[in-house]
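# just coords:
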């Protein structure tokens, strides 16, 4: 190599390892993983800069727009879904590495949505979707005789599960499940385990 900068220069070790692991999975390319990382950490800075440019170009200044509750909840809902998907993809990559290609688990973003995604294996899907700003639905779905039906994990309710957010004093979101504060990794560990147990034929 003559003067070339390695592709992973400047990245954290953890991010580089995540990208390397993802290269064996067709769902998430290194570019997509890096884009997700940047969006998760820097999207608010990008918005801040673009808002300033808009003020300079139009001369209009929206003093209260950035504090609109619905806008905040919408942004935080997409942010949390992307975080959950990144955690899920890492879990799937690790599981598949030990399990092998047969009956491997796939993670897909749902087209036409901001950040909804699903986990898929055999005929079972586990779908995480923004129901409305500040609310995320979690549903097990299965295909039987060509018809998409609701399927429940052992611990799921009839109508699926729901995560709900409240906005804190600094516009940060706090996510809850049945009045209990949610830790993203613990949440995905539970649902990923339920999915594995219910999706094996």
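Received the coordinates, thanks. Note that the coordinates shown come from a computational prediction; the quantities given were computed from them, not determined experimentally. Numbers count the residues shown, from 1 in each chain.
# In stretch 87-102, which residues are buried?
By 16 or more other Cβ atoms under 10 Å, the buried positions in stretch 87-102 come out as 87-93, 96. Glycine gets a C-beta too; all of them are placed from N, C-alpha and C.
# er, stretch 161-173 actually
For stretch 161-173, using 16+ other Cβ under 10 Å, the buried residues are 161, 163-165, 173.
# ranges for the strands of the protein?
Taking DSSP state E, the strands of the chain run over residues 106-109, 117-121, 124-132, 135-144, 147-150, 161-167, 173-177, 180-181.
# and those strands, which one's lowest on average pLDDT?
Here the lowest mean pLDDT among these goes to strand 147-150, at a mean of 50.
# quick one on the thing from earlier: out of the buried residues of stretch 161-173, which one sits closest to residue 136?
residue 163 (4.3 Å; Cβ to Cβ).
# isn't the closest one right up against residue 177?
Yes: Residue 163 is within contact range of residue 177, at 5.5 Å (criterion: Cβ atoms under 8 Å).
# shared neighbours of the two, which are they?
Residues touching both residue 163 and residue 177 (Cβ atoms under 8 Å, 6 or more residues apart in numbering) are residue 187.
# would you list every one of the helices in this protein?
Under the criterion DSSP state H, the chain contains helices at 13-22, 30-58, 69-99, 184-199.
# In TSV, list those along with mean pLDDT and distance to residue 134.
TSV is the format used below for these (pLDDT from 0 to 100; distance: least, Cβ to Cβ, whole Å):
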stretch	mean pLDDT	distance to residue 134
helix 13-22	46	28
helix 30-58	66	17
helix 69-99	94	4
helix 184-199	96	16
